[in-house]
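Q: Sequence plus the predicted model coming up.
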Amino acid sequence: MDEYKAFDFTVTDEYEGMRIDKLISELISDLSRSYIQKLIDDKLVTCNGKTAKSSLKVSELDQIHMDIPPLVMPEILPQDIPLDILYEDNDVIVINKPKDMVVHPAAGHYENTLVNAVMFHCKDNLSGINGVLRPGIVHRIDKDTTGSVIICKNDSSHQFIADQLKVHSINRVYHAICYGIIKDDEGDIDAPIGRSTTDRKKMAVVSSGGKNAFTHFKVLKRFEQDNFTYIECRLKTGRTHQIRVHMAHIGHPLLGDEVYASGRKSKFNTNGQCLHAKTLGFIHPTTKEYLEIDAPLPEYFSHLIEVLK
């Protein structure tokens, strides 16, 4: 039987006066604040040996203890969901992911993901390195981003592709439409990305504590009348929300981005950010030859370009 995991922390001066639920959520980033509050309500968190409430404000040298219950791993079931397969062999499969599809299951979202669909299609032929919730998944794109996702069918292929991702040798090209007219024909954005200090659900360009992030963009077309720019982005790193964060950072957030373009209004309904993972190039795990897969633009994207002309 799985055991509870203990978390202990002595409050330092930088956290003086902070609510205990906020403190723990900052210290353990993979636990949501609502889940931490539930643990507090279940009397699994103490401060100086006494049961704590979420509203408790801590003081320097307070002793915090929390018992974290073992995670209940749900059974992820295959689902017969149509897939747009761009390439497939015995080692890998490249899928053109549609909008509004999550790549892999997560808390509260265990059905209708790309993993559910791929499990049905591939049966037992998926890598297991990422565990029960993410078989075959070596990288991901956001729910409302469309385009190429590579799935690995065995552990050796998974490790081979993961090693390429680690050294940023995989060629990843995205197409996007952003707000405003970008004057430079191309440019580089070299700015570290980390968790936003004001909103934990968002990423941001940060001055300290972030991870190196580098995006190269090139203007494909300017739509002067409607004040949009169609761009190509090449990733040299693969941080969470990288293109969305970087383009917003330079004042050109992506059209339809409900997180990083808040307050921007558009007459176009794109159902989320206008971003497409168009090209995926990598060294094949078995042949050791370079393989490049191109995902055609989705219909909404192509139609939008025609309208903006």
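A: Ah, there it is. Numbering: from 1, shown residues only.
Q: drop to CA atoms for contacts and neighbour counts, all remaining ones
A: Will do.
Q: So what's the residue count around Tyr260?
A: 23 (other Cα atoms under 10 Å).
Q: Surely it is in contact with Gln242?
A: No - assessed by Cα atoms under 8 Å, Tyr260 is found out of contact with Gln242, at 11.1 Å.
Q: any shared contact partners between the two?
A: Counting by Cα atoms under 8 Å, 6 or more residues apart in numbering, Tyr260 and Gln242 have no contacts in common.
Q: In contact with the residue lying closest to Lys57 once chain neighbours are set aside, which residues are there?
A: Excluding its sequence neighbours, the residue lying closest to Lys57 (Cα to Cα, 6 or more residues apart in numbering) is Arg19, at 4.3 Å. The contact partners of Arg19, by Cα under 8 Å, 6+ apart, come to 54-58.
Q: rerun at 6 Å
A: By Cα atoms under 6 Å, 6 or more residues apart in numbering, the contact set of Arg19 is 55-57.
Q: Okay, now the sheet partners of the helix or strand harbouring Thr215, with direction.
A: Assigned by DSSP states H and E, Thr215 belongs to strand 214-223. Sheet pairing here is set by DSSP bridges, and for strand 214-223 it gives strand 186-190 (antiparallel), strand 228-235 (antiparallel).
Q: what element comes up after the longest one heading to the C-terminus?
A: Meaning strand 228-235. By DSSP H and E, the next helix or strand past strand 228-235 is helix 242-249.
Q: For that next one, which residues meet the burial criterion?
A: Using 16 or more other Cα atoms under 10 Å as the test for burial, helix 242-249 gives 242-248.
Q: Tally up the residues packed near Lys50, please.
A: Residues near Lys50, counting by other Cα under 10 Å: 12.
Q: And for Leu280?
A: 20.
Q: Next, the contact list for it, please.
A: Contacts of Leu280 (Cα under 6 Å, 6+ apart): 171-172, 292-293.
Q: and the helix ranked longest in the chain, how far from the chain's centre?
A: The longest helix of the chain (DSSP state H) is helix 155-166. Remark: helix 155-166 is offset 18 Å from the chain centroid, using Cα atoms, centre = their mean, to the nearest Å.
Q: buried residues in it?
A: 155, 157-159, 161-162, 165.
Q: wait, which of those residues is closest to His65?
A: Distances from His65 to the buried residues of helix 155-166, taken as Cα to Cα, are shortest for Ala162 (36.3 Å).
Q: How much space separates the closest residue to Val259 other than its chain neighbours from Asn227?
A: Sequence neighbours aside, Lys202 is the residue nearest to Val259 in space, at 7.4 Å (criterion: Cα to Cα, 6+ apart). Using Cα to Cα, to the nearest Å, Lys202 is found at 26 Å from Asn227.
Q: Kindly report the same for Ile76.
A: For Ile76, the distance to Asn227 - Cα to Cα - is 44 Å.
Q: These two: which has the busier surroundings?
A: In this view Ile76 and Asn227 are compared by other Cα under 10 Å, and Ile76 has more residues nearby, 18 against 13.
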